[in-house]
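>>> Sharing a model that was predicted from the sequence below.
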Amino acid sequence: MTDRGSGGPVRTAVVTLARAAGAYDVVSLAVPAAPGWASARPGQLLVLPGSPARGEVLPRLLWLADVTVDPVHGTAVEVAVPAGAGWEVGRRLRLVGPLGRGFGVPTDPVPALVVGHGGSTVPLRWLTSRLRARGCPVHLVLSAPEPDGLFEVAALRRQAASVRLTTEQDLARVTLEVLEQEPRVGVVYAAGPRGPVRQVAQVAVGAGRPVRVSALDLDEPLLCGTGLCGQCDLRPAGPGGPRPLRPCLEGPVVPGEQVLDAAR
């Protein structure tokens with residue numbers, strides 16, 4: 001079942017499974033088949049429109065944690081929600097997605113460094129899996145306010161060549177250490193609050209590595225996720241002066257250089 005929303009078709013999904021994962025519940029959704037799911041990438045998101053009948057006036061934004069498209073069993077989408085949020089099996093909900101531009105993977109296998117903080121680590125298990133499938137060894141640098149705030153660390157440890165846990169304040173420093181210790185790293189990915197992500201991008205650019213970053217932090221309340229409110233806007237410098245960049249439409253994933261000198 002679909003109707004039209006400001007960010008695309010609004011589809012009805014059904015919760016098929018919910019399992020505990022530290023500070024999160026990993027929720028599996030059965031969603032109607034649509035062309036966009038087959039090309040979905042880590043770093044894209046879903047918007048759950050507000051439901052005044054349930055006391056939810058504002059929409060809710062969620063990272064995609066995984067997408068599986070199976071011609072026999074249908075399309076399954078995973079998201080992460082706070083533990084105990086009450087997403088019981090059988091619940092039906094409306095959603096819009098997948099939205100935005102996600103993380104791409106290199107054409108040729110090269111070692112990759114993936115950096116993330118807090119709730120922004122939700123897409124990184126999927127990203128790491130895609131990098132591994134391309135033949136890229138993956139090094140991880142992760143931080144969170146609390147140890148269980150990292151998403152699926154045990155699964156990441158099984159997939160990654162190395163995992164470094166640190167604090168938000170030290171993400172950039174540890175990123176530089178890993179780049180110095182792993183000179184073959186050919187690309188850097190980063191996801192988290194804008195301040196630390198900007199610092200990681202600065203380190204990567206200074207080390208001569210291409211860097212792709214997520215310019216949205218879904219741990220902050222956002223009003224729409226579809227480009228209408230302008231709350232998430234960046235203003236990177238350009239030849240004619242700063243220009244608006246809306247991560248929810250032009251990202252969330254953008255070249256790291258675009259966040260280095262952004263006015264906000």
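Everything's here; your move. Residues are numbered from 1 along each chain as shown.

>>> List the strands paired with the one helix or strand V81 maps to, with their directions.
Element membership for V81, per DSSP states H and E: strand 74-82. Paired neighbours of strand 74-82 in the sheet (DSSP bridges): strand 24-31 (antiparallel), strand 60-70 (antiparallel).

>>> C-terminal to it, what's the next element?
Immediately after strand 74-82, counting by DSSP H and E, sits strand 92-99.

>>> Next, the angle from that following strand to strand 24-31.
Put simply, strand 92-99 runs at 90 degrees to strand 24-31, going by axes from the mean of the first three to the mean of the last three C-alpha atoms, to 10 degrees.

>>> If you count neighbours, what's buried in strand 92-99?
For strand 92-99, a neighbour-count test (16 or more other C-beta atoms under 10 Å) marks 93-99 as buried. Any C-beta I mention is one placed from the backbone N, CA and C, and that applies to glycine too.

>>> Next one, pLDDT for R60 please.
The model reports R60 with a pLDDT of 87.

>>> Near the nearest residue to it once chain neighbours are set aside, how many other residues are there?
Once flanking residues are discounted, R60 sits nearest to L48: 4.3 Å by C-beta to C-beta, 6 or more residues apart in numbering. For L48, the neighbour count with other C-beta atoms under 10 Å is 20.

>>> My understanding was that L48 contacts R92; is that so?
No - between L48 and R92 there is no contact under C-beta atoms under 8 Å: 11.7 Å.

>>> who does the longest strand along the chain pair up with?
For the chain, the longest strand by residue count, based on DSSP state E, is strand 8-21. Its sheet considered, strand 8-21 pairs with strand 2-5 (antiparallel), strand 24-31 (antiparallel), strand 92-99 (antiparallel) by DSSP bridges.

>>> Which member of the buried residues of strand 92-99 is positioned nearest S162?
S162 lies nearest to P98 out of these, by C-beta to C-beta, at 29.9 Å.

>>> can you pull the contacts of L124?
42, 114, 116, 140, 142, 151, 156, 189, 191 (C-beta atoms under 8 Å, 6 or more residues apart in numbering).

>>> and which of the buried residues of strand 92-99 is nearest to L127?
Closest to L127 out of the buried residues of strand 92-99 is P98 (14.3 Å), distances taken as C-beta to C-beta.

>>> can you list the strands paired with strand 74-82 in CSV and add distance to A133 and mean neighbour count?
Formatted as CSV, the strands paired with strand 74-82 follow (distance: least, C-beta to C-beta, whole Å; neighbours: other C-beta atoms under 10 Å):
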stretch, distance to A133, mean neighbour count
strand 24-31, 20, 20
strand 60-70, 13, 20
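
>>> Nothing else from me, thank you.
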